[in-house]
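> build the 3D model from these lines:
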Amino acid sequence: MAAGGAGAWSFWLKDDSAGDVGFAPGTDKQLSMALEERFPEDWEPDASTARASLGSWLDGRWWTEKHFVREMWNEIVAYDLADGSVAWRVPVDGNGACKASRDVSPEGYVAVLRGEPATTESGPRPCDRLTIVDVNKGEEVWTSDIEPGVASVLPDVGDRPVIWGETVLIPGQGQTNFDLKSGTQKDPKDRGCWNAAFAVFGDTLITRQCGALVGFGRDSEHLWTWEHPGDDETSLTVLSADPLVVVVKSRDDEQVVRVEPGDPDDRDDPGEHTVIAEMDARSLDPMPPCGYGGGDSTELHTCHKAVVGAGVLYLKYAMDPNYRQVGIVAFDLTSGKELWRARADGELSLAPVGTDGDGRLIAFQPQDPPLGDYEGSRGAVVALDPETGEVTPLAGLPIADSGDQKWLLANNSLEGDIEWRDGRLVIVSPGPTVVGDSAPGGAGSYATVIYS
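Numbering: from 1, shown residues only. Next comes the predicted model:
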């Protein structure tokens, strides 16, 4: 980080349950621009493709020892963390229409599904190719065509692959597997219940099948099975595997629960669960952690509006009737007790980003842009103590003019599009299609900005 000349500044306010309110101490550390890359100026899809691609996002992104790697349109790009330069590019045409794995395998591999972009005439198209990329070396390992899977259909645009051991697992009705080394397609064992989704949490693979969550260890041993004792249309999304924290959503309500699975060898032991937080759809206090998608999503781990760490669940909550200002509320994962609430000063909002090595919550506050004689306030990265909510400002961003592309990118980015690691702030735009007048995206707009 570079020390800035703006001096110390106080911009955060903590509001705990005891009613004590005070400004957090400021910091004089300012981030400086390390890298910026834009979407190509000549990216001009025809109107039919543009309208059909509004739901397609380039959300694959990975960290290696030396690089930040992300999906761009028809390619995978690595940025050198030392000097901000582009280290390599690997062509992968058709990646924007399909999903990629979220984690890097021990070999340094990621799995990228590929297919033809949809148009309003064609409708959704299947993902009919699989590519493995070595993100340590910047090389394509292999590409294989996909034959129809268990249900004689191809993977869909919502099916996210995972790499587990020596196998690439592709979920959904087109469920199929590939050998990681050879690229050979393998027929999965048909247990009469297809895997709707997979997610890897460290040494645990979790799958959702027949409405239940099932956990497996590294040697494919069955660790546990948990099924919510609700109606059949309940959807389950996982926030954390250890402890097991699950978002349970039905037609009428939504909860976050901590699960203690039962004995995997005893079918009569369903385990126990404790409700940690209940969503309020009207007040959005707290806010739904997984957005507003339907229960039939094939995603198992995409709830970016929530963070779990150090025995605490962090959720967002709306602070005004128009939902324009948002704060963070913390819950104890053992008792379900609300611990504290944190908010930004003025009318700004907070975005939970993740946790650091000390178990603190990392959050991002976008800047308040300058207007007239008002100099504005800096966008900032801060850390919050999991037990007390005490705020430690870590660094500020250079102020950008209102309407500047960097300001639009930072202020309109969603959780999951902002990452903080080793003193670097990465903000990405997930798609080159403009989805609104004030949203980032579009030909020539910023795709990736890195501050350090």
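> run through the strands of the stretch 201-350 of the chain in chain order.
With strands called from DSSP state E, counting those that start in this stretch, the stretch 201-350 of the chain shows them at 204-209, 212-216, 222-226, 235-241, 244-249, 254-260, 272-278, 306-309, 312-318, 326-332, 338-344.
> tilt between the fifth one and strand 312-318?
The reference is to strand 244-249. With axes from the mean of the first three to the mean of the last three C-alpha atoms, to 10 degrees applied, the angle from strand 244-249 to strand 312-318 works out at 30 degrees.
> each with direction, which strands does strand 244-249 pair with?
As defined by DSSP bridges, the strand partners of strand 244-249 come to strand 235-241 (antiparallel), strand 254-260 (antiparallel).
> with the first one instead?
According to DSSP bridges, strand 204-209 forms sheet pairs with strand 195-201 (antiparallel), strand 212-216 (antiparallel).
> that older thread, can you redo the strands of the stretch 201-350 of the chain as a markdown table with distance to Ile132?
All C-beta spots, glycine's among them, are computed from the backbone N, C-alpha and C. Shown next, in a markdown table, are these (distance: least, C-beta to C-beta, whole Å):
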| stretch | distance to Ile132 |
| --- | --- |
| strand 204-209 | 18 |
| strand 212-216 | 22 |
| strand 222-226 | 27 |
| strand 235-241 | 25 |
| strand 244-249 | 30 |
| strand 254-260 | 33 |
| strand 272-278 | 37 |
| strand 306-309 | 30 |
| strand 312-318 | 34 |
| strand 326-332 | 38 |
| strand 338-344 | 42 |
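> rebuild the ones you listed as JSON lines, extending it with mean neighbour count and distance to Ser105.
Output for these, formatted as JSON lines (neighbours: other C-beta atoms under 10 Å; distance: least, C-beta to C-beta, whole Å):
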{"stretch": "strand 204-209", "mean neighbour count": "20", "distance to Ser105": "12"}
{"stretch": "strand 212-216", "mean neighbour count": "19", "distance to Ser105": "16"}
{"stretch": "strand 222-226", "mean neighbour count": "17", "distance to Ser105": "20"}
{"stretch": "strand 235-241", "mean neighbour count": "22", "distance to Ser105": "17"}
{"stretch": "strand 244-249", "mean neighbour count": "22", "distance to Ser105": "23"}
{"stretch": "strand 254-260", "mean neighbour count": "21", "distance to Ser105": "27"}
{"stretch": "strand 272-278", "mean neighbour count": "16", "distance to Ser105": "31"}
{"stretch": "strand 306-309", "mean neighbour count": "23", "distance to Ser105": "23"}
{"stretch": "strand 312-318", "mean neighbour count": "23", "distance to Ser105": "29"}
{"stretch": "strand 326-332", "mean neighbour count": "21", "distance to Ser105": "33"}
{"stretch": "strand 338-344", "mean neighbour count": "20", "distance to Ser105": "36"}
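> on that earlier part again, can you redo the strands paired with strand 244-249 as JSON lines with mean pLDDT and distance to Ile163?
Shown next, in JSON lines, are the strands paired with strand 244-249 (pLDDT from 0 to 100; distance: least, C-beta to C-beta, whole Å):
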{"stretch": "strand 235-241", "mean pLDDT": "92", "distance to Ile163": "17"}
{"stretch": "strand 254-260", "mean pLDDT": "94", "distance to Ile163": "25"}
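> export those to JSON lines and tack on distance to Glu278?
Listed next are the strands paired with strand 244-249 as JSON lines, based on distance: least, C-beta to C-beta, whole Å:
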{"stretch": "strand 235-241", "distance to Glu278": "15"}
{"stretch": "strand 254-260", "distance to Glu278": "5"}
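> so which of those strands gets nearest Thr334?
With respect to Thr334, and counting by C-beta to C-beta, the nearest of these is strand 254-260 at 7.7 Å.
> as CSV, the strands paired with strand 204-209 with distance to Asp320 and mean pLDDT would be great.
Output for the strands paired with strand 204-209, formatted as CSV (distance: least, C-beta to C-beta, whole Å; pLDDT from 0 to 100):
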stretch, distance to Asp320, mean pLDDT
strand 195-201, 34, 89
strand 212-216, 36, 92
